[in-house]
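Visitor: need a structure here:
(2 chains)
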Amino acid sequence: MEPRPWHRFYDEGVPTSINYLDLTLPQILDRTAERYKDRSAVLFEGLRLTYGQLKDAVDRFACALQAMGIKKGDKIAIQLPNLPQTIIAYYGVLKAGGIAVMTNPLYVAREIEHQFNDAGCRACIVADFLWMQKVREIRDKLPCEFYVLTGIKDFLPFPKNFLFPFVAKKTGTVVKVPSEKGVYWLKDLLDRYEPNPKPIEYDMEDICNLQYTGGTTGVSKGAILTHKNLSYNVQQCRAWFPIVEEGREVILSALPFFHSFGLTVCMNFAILIGGVQIPVPNPRDIKKLISLIQKYRVTLFPGVPTLFNAINQFPGIDKVDISSVKGCISGSAPLPIEVAQRFEQLTGGSIIEGYGLTETSPVSHANPLVNKARRKIGSIGLPMPDTDCKIVDLEEGTKELPPGQDGEVIIKGPQVMKGYYNRPDETAQVLRDGWLYTGDIGKMDEDGYFYIVGRKKEMIIAGGYNIYPREIDEILYEHPKVLEACAIGVPDPHRGETVKAFVVLKPGESATEQEIIEYCKTKLAAYKVPKMIEFRQELPKSTVGKVLRRVLKEEEMAKIKKQ
Amino acid sequence: MKRCRFRKKVVEIPGIGKVLLRLLEKGDAPLLVELFYVLSPETIYNRFLTPVKQVDETHLKRLVEIDQWNEVAIASCIHEGDKERIIGVARFARLENPEEAEVAIVVGDPWQGKGLGSVLLKTIGEVAVKNGVRRFYSTIDPNNRRLLCFAKRFGFDYKCSFENGLLRLVTDLRSG
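Guide: Residues are numbered from 1 along each chain as shown, chains lettered A, B, ... in the order given. Below you'll find the predicted structure:
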């Protein structure tokens, strides 16, 4: 790669270009299992899986999928919280030749239906409680031929597996599943099949994941991520962390695996470096998170600002030893300086802000980790090795703008997706000559550090999730009593932002706040559901009749200031 | 009461044919409703910045009951047999400073990409200048690259700023 201004500020030992291993993710797992066969790969509630055991389970599952008719290129949905089974399911699907369609466990029927049908999923691996709560009842509307179920307790050692139903009763994660055609249990399949799947001929350009991402239009679309995209991105992350000691790190996998950030920087990163990972199904349980850091002496902790902040604020955190943490990467939302400083003070480690999109597998930028003097507060950092980035004019997107000037951030690199699945028009809008048009407005300084200053898309960031207000508006407009609606993000001490919706009812109609919220719960994943509804006679509009979301936001901010 | 003067005219647009440009009138409400129902969700969103699904009577009234001075709207019409059909509308509404106005244009999806938008923007710009408007403002979805390119091609000298994911265009009509 040609020299770029940012290369001068890389940490010592970080290359500007990488000599990549041309290995797919399952091949990386095989390589690690060969090197560290007896070392721990996964720790979970008393369960310990070595790399040898993890590979064995993955191979058995891949073999089962192939025996059930899965062929190269078949799409398979995975709807699981972070569990050891999620790692087995994901790597098993890839090893069988399948394409993984990671699905948010919080999705409701409408969202599941859209995603599975859009991708054309032939099968689905799903948590038993999600099957009973959501998937089973819409089975007729889904393209899946069979389902593989797994329960949280399935992999717990005795006596935790025995006690689990009593502990988890109140969370709704204990269910009785009636046996029916086309429904199998992961545990049974692992028992029944041998660990010898048919080898698949891979090309690095073959599709690995259809990674769904929300869109400004309110419909989520599948980013086509190839084996090369995901394998190279995790290798780019590895190169960025020269302090990593292979085979010795402990990674807290608290970011959801269904999201590209958790998939790459937690699950795949741990496997690449032969580290041991601790999957966390519920990262909102801060007490538990802290106890895991303490108990397992976690060294690497990728997260989001709200998570780091919650740990900072946890009562008595000063008295807890979390000094094992040496490196953290924070993404999804700007990292406030006070949050970073406090967390570094508590751990003695380094926390850096990074940036990326689902479309970039996802990491494209990060601040230097080791040399603190090279970090710039408020900046998303420097492009990763082999990653090029430019700021271009908004109209045509063809003129490169000089340092200091605002424009659209565009990115080129081996981690950039191939396009959106079955959406040539939307692909053409964002991919031109290999450059990804991010839709984010930013600038670059003289040193080659990038800053995000705005967005070309309206977005609410709540607890690390991106929420597009238009999707909520669309759902509200579908309510038979609603004439007009507009959702905005309002500040929230815990989630960063939360959703508030303004609703105008049709003449003669009446509705309660709860009624609208309950309706939204049936159509939207919980994190997107408005927490507050305000009824209005009309929405503020400009002189030519355009709805002014900005005015609603200003009114809310003024109200908060007054309080 | 002041009223903008605009002499209606017929223009020939390739791919559409003869198009009548005239001031929008009170009685045009049913024709606007008809236009609304051929707009795609994207076009509706770009025009109103909300995914509105149906025409609200109050809003419709506001769109047609205008004084043609503070708020001016030009309709582009074709004839289908005896029936007139509105296929696009351009309008401006003066802001606090009467020399400044917000501008908006909508063209029905079946007639997009044929140059009607340019004709409407040029026409509404000329009417505005003749009637003392010196500057146009518009808030648009910045993903609407077609409109951005269109504004630039049109020779408009504009600056932009972002607010909540939207782009605010300022067009100085004197230099246009």
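
Visitor: where exactly do the strands run in the stretch 201-350 of chain A?
Guide: A:207-213, A:221-226, A:250-253, A:276-279, A:327-330, A:350-356 (DSSP state E, counting those that start in this stretch).

Visitor: the longest helix along chain B packs against which elements?
Guide: Criterion DSSP state H: the longest helix present in chain B is helix B:116-130. Other elements packing on helix B:116-130 under the criterion 3 or more C-beta pairs under 8 Å, 6 or more residues apart in numbering or on different chains; DSSP states H and E are strand B:9-13, strand B:17-23, strand B:71-80, strand B:83-94, strand B:100-107, helix B:145-153. (C-beta placed from N, C-alpha, C; glycine too.)

Visitor: any idea which of those is most buried?
Guide: Sort the helices and strands packed on helix B:116-130 by mean neighbour count, taking mean count of other C-beta atoms under 10 Å in any protein chain shown, and strand B:100-107 sits at the top with a mean of 23.

Visitor: avg pLDDT for that strand?
Guide: Mean pLDDT, strand B:100-107: 94.

Visitor: ok, now stretch A:19-28?
Guide: 97.

Visitor: what's the answer for stretch A:271-278, then?
Guide: For stretch A:271-278, the mean pLDDT works out to 98.

Visitor: which parts of stretch A:542-558 are buried?
Guide: Buried residues in stretch A:542-558, counting neighbours by 16 or more other C-beta atoms under 10 Å in any protein chain shown, are found at A:542-553, A:556.

Visitor: still on that earlier bit, the longest helix of chain B: how far from the chain's middle?
Guide: Helix B:116-130 has its C-alpha centroid displaced from the chain centroid by 9 Å (C-alpha atoms, centre = their mean, to the nearest Å).

Visitor: do me a favour and average the pLDDT over it.
Guide: 93.

Visitor: so what touches that helix?
Guide: Applying C-beta atoms under 8 Å, 6 or more residues apart in numbering or on different chains, the contact partners of helix B:116-130 are B:4-6, B:11, B:13, B:16, B:19, B:21, B:72, B:74, B:76, B:87-92, B:101, B:103, B:105, B:107, B:136, B:150, B:154, B:173-174, B:176.

Visitor: tell me the angle of that helix relative to strand B:9-13?
Guide: Going by axes from the mean of the first three to the mean of the last three C-alpha atoms, to 10 degrees, helix B:116-130 is angled at 150 degrees with respect to strand B:9-13.

Visitor: could you point out which element follows helix B:116-130?
Guide: Using DSSP states H and E, the next helix or strand after helix B:116-130 towards the C-terminus is strand B:135-140.

Visitor: does chain A have contacts with that next one?
Guide: Yes. Counting by C-beta under 8 Å from any C-beta of the partner chain, contacts between strand B:135-140 and chain A involve residue B:139.

Visitor: elements contacting that strand?
Guide: Checked by 3+ C-beta pairs under 8 Å, 6+ apart, strand B:135-140 has strand B:100-107, strand B:166-172 packed alongside it.

Visitor: just to revisit the earlier point, any chance of the helices and strands packed on helix B:116-130 in JSON lines, plus distance to chain A?
Guide: Below are these laid out as JSON lines (distance: least, C-beta to the nearest C-beta, whole Å):
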{"stretch": "strand B:9-13", "distance to chain A": "23"}
{"stretch": "strand B:17-23", "distance to chain A": "16"}
{"stretch": "strand B:71-80", "distance to chain A": "7"}
{"stretch": "strand B:83-94", "distance to chain A": "3"}
{"stretch": "strand B:100-107", "distance to chain A": "4"}
{"stretch": "helix B:145-153", "distance to chain A": "5"}
